[in-house]
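Visitor: Provided below are the primary sequence and the corresponding predicted coordinates.
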Amino acid sequence: MKVIKNRIFTLFTIGLFFNAKADTLDYWKIYLNDSLLGTFNFHSTIPEIELSRLNYGEDSLDIRLFTDTPCSRCKYELFAKDQRNRKLFVYEMNENAEIKVSIKEILRIAAKNNSRICYLYIYGREAKGSAGPDSNVVNILLKD
């Protein structure tokens, strides 16, 4: 009886091994100027940043994507939607999958569209054009 249980356990374990899928974990870091606001991944709560509509000068939001399965043919883009699901802007990220966006520019585009919230997303696109899933990386709440 013990031999049968061991064989069943062994077959079950081998079956799990062949059905297992690799778990990839992408993460991103968000900076306000040179100050790290946090490191986040797909299991994190989506961070929210509150910005007043005051003059920010040359302040910028820097988003850096890190992936454990890099794609040499992929291009990453950052895009924003507002509370009405309108696309506000799209920026191509550099070859290191990072982008620096002027806060003044975000506020200008949001004001032009009467938007109170900007949802920022990142998605990858292979060179041939097929887009992967997008990931909400940060929400910007605009205060008067």
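Guide: Now that the structure is in, tell me what you want to look at. Numbering: from 1, shown residues only.

Visitor: what about the helices in this protein?
Guide: 2-19, 103-112 (DSSP state H).

Visitor: run a quick neighbour tally on Asp34.
Guide: 7 (other CB atoms under 10 Å). From N, CA and C alone the C-beta is placed, and that goes for glycine too.

Visitor: I'd like to know how far it sits from Arg84.
Guide: Going from Asp34 to Arg84 by CB to CB, to the nearest Å gives 33 Å.

Visitor: gap between Ala97 and Ser44?
Guide: Computed with CB to CB, the distance linking Ala97 and Ser44 is 18 Å.

Visitor: so between these two, which is more surrounded?
Guide: When Ala97 and Ser44 are compared on other CB under 10 Å, the one with more neighbours turns out to be Ala97, at 21 against 12.

Visitor: ok, and the closest non-adjacent residue to Leu65?
Guide: The spatially closest residue to Leu65, leaving aside those adjacent along the chain, is Ala97, at 4.0 Å (CB to CB, 6 or more residues apart in numbering).

Visitor: buried sites along the longest strand along the chain?
Guide: Assignment by DSSP state E gives strand 131-143 as the longest strand of the chain. Residues of strand 131-143 classed as buried under the neighbour-count rule (16 or more other CB atoms under 10 Å) are 135, 137-138, 140, 142.

Visitor: one more: stretch 105-120?
Guide: 106-107, 109-110, 113, 115, 118-120.

Visitor: can you list those in CSV and add pLDDT and distance to Phe40?
Guide: Formatted as CSV, the entries for the buried residues of stretch 105-120 read as follows, by pLDDT from 0 to 100; distance: CB to CB, whole Å:
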residue, pLDDT, distance to Phe40
Ile106, 87, 18
Leu107, 86, 22
Ile109, 89, 23
Ala110, 88, 22
Asn113, 91, 26
Ser115, 88, 22
Cys118, 88, 16
Tyr119, 89, 14
Leu120, 88, 12
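
Visitor: show me the contacts for Tyr119.
Guide: 80-82, 136, 139-140 (CB atoms under 8 Å, 6 or more residues apart in numbering).
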